[in-house]
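S.K.: here is a sequence with its predicted model. Questions after.
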Amino acid sequence: MDKVYYCFPGGKFKVLTMSYDDGKQEDRRLVSIFNQYGIKGTFHLNYGLMDQDIRINKEEIKELYKGHEVSAHTYTHPTIARCPSEMIVEQVMEDRKGLESIVGYPIRGLSYPNGSYNDKIKELLPHLGIRYARIVGNSDWFDMPKDFLEWKATCHHNHDLLELGKQFVELTKKQYLYMMYVWGHSYEFSRDNNWEVMEEFCKMIGNRDDIWYATNIQIVDYMDVIERLQFSAKGDIVYNPSAASAWLVVNDEKYVEVKGGQTVQLF
């Protein structure tokens with residue numbers, strides 16, 4: 001029997017994504033490191049706090065984060081599980097509106113401020129245009145998330161980053177899709193005097209042919225694309241109703257790009 005697997009773009013089976021909060025001045029150095037090694041980051045910002053001297057100013061944001069993703073972190077960073085629903089709606093929507101006025105694209109992601117969330121908030125977020133939300137903590141592994149509104153990272157950069165990065169690089173079994181997700185705050189590198197940890201990590205894991213480097217929303221959107229693929233009963237024909245391409249591997253040897261709107265014979 002023939003076998004068909006989903007792949008990441010380019011036929012890859014590993015994806016790396018980075019997630020950093022608060023938009024402090026140290027983001028400039030972090031973005032520079034990411035750009036040097038072809039790594040993509042998602043930066044969660046508070047529009048209502050941007051006038052503070054310790055944060056990236058509004059005029060700089062669009063250019064600084066170009067090629068990465070700007071995402072929501074609420075307007076003023078409250079502990080939202082303690083807030084009434086009306087205030088949660090205002091915090092998310094005003095943050096989205098402000099950020100969108102700067103970057104010029106829809107803001108569809110969030111990291112929970114202070115790691116604060118509950119089931120009520122998770123149920124509310126899709127109605128506010130939020131497609132994913134990152135929690136705090138470390139999974140210590142490379143699984144794809146079961147719930148994008150309760151998305152736990154592989155690790156904080158102060159939690160076994162280099163060892164986990166080495167494990168990720170050495171993964172060779174292609175029967176799974178693997179994701180390494182790193183989170184933190186760029187100001188922590190200055191506080192802890194350990195910028196070399198991130199520099200060493202990016203040098204080790206960046207610019208590799210077997211890893212897809214993506215923002216948080218790019219991963220979410222791509223998983224939506226492959227989940228919408230429509231297969232024949234035999235599995236030999238696939239139709240892609242989305243605009244973006246999907247990638248498949250047939251019998252572990254034939255990689256197929258199924259472009260948007262195409263019907264493709266696989267075998």
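M.R.: Cool, the structure landed. In this text, all values refer to a predicted model and were calculated from it rather than measured experimentally.
S.K.: ok but residue 244 is inside a helix, no?
M.R.: No: using DSSP: H, G, I helix; E, B strand; the rest coil, the assignment for residue 244 is coil, not a helix.
S.K.: roughly how far apart are the closest residue to it other than its chain neighbours and residue 249?
M.R.: Setting aside the residues directly before and after it, residue 244 is nearest to residue 225 in space (CB to CB, 6 or more residues apart in numbering), at 5.1 Å. Quick note: C-beta positions are derived from backbone N, CA and C, even for glycine. Distance of residue 225 to residue 249, computed by CB to CB, to the nearest Å: 16 Å.
S.K.: show me where the stretch 101-250 of the chain has strands.
M.R.: In the stretch 101-250 of the chain, the segments counted as strands under DSSP state E, counting those that start in this stretch are 109-111, 132-138, 151-153, 155-156, 178-184, 211-213, 230-231, 237-239, 246-250.
S.K.: counting by contacts, list what the second one packs against.
M.R.: Here strand 132-138 touches strand 109-111, strand 151-153, helix 216-227, going by 3 or more CB pairs under 8 Å, 6 or more residues apart in numbering; DSSP states H and E.
S.K.: contacts for the last one, please.
M.R.: Spelled out, it's helix 216-227. Helix 216-227 is touched from outside by 6, 8-9, 15, 17, 19, 40, 42, 69, 71, 108-109, 131-132, 134, 144, 148, 151, 179, 214, 240, 242, 244-246, with contacts defined as CB atoms under 8 Å, 6 or more residues apart in numbering.
S.K.: just the buried ones among the residues you listed, please.
M.R.: For the contacts of helix 216-227, a burial check counting by 16 or more other CB atoms under 10 Å picks out 6, 8-9, 15, 17, 19, 40, 42, 69, 71, 108-109, 131-132, 134, 148, 151, 179, 214, 240, 242, 246.
S.K.: make JSON lines out of the strands of the stretch 101-250 of the chain and add mean pLDDT.
M.R.: As requested, the strands of the stretch 101-250 of the chain are exported to JSON lines (pLDDT from 0 to 100):
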{"stretch": "strand 109-111", "mean pLDDT": "98"}
{"stretch": "strand 132-138", "mean pLDDT": "98"}
{"stretch": "strand 151-153", "mean pLDDT": "98"}
{"stretch": "strand 155-156", "mean pLDDT": "98"}
{"stretch": "strand 178-184", "mean pLDDT": "98"}
{"stretch": "strand 211-213", "mean pLDDT": "98"}
{"stretch": "strand 230-231", "mean pLDDT": "98"}
{"stretch": "strand 237-239", "mean pLDDT": "98"}
{"stretch": "strand 246-250", "mean pLDDT": "97"}
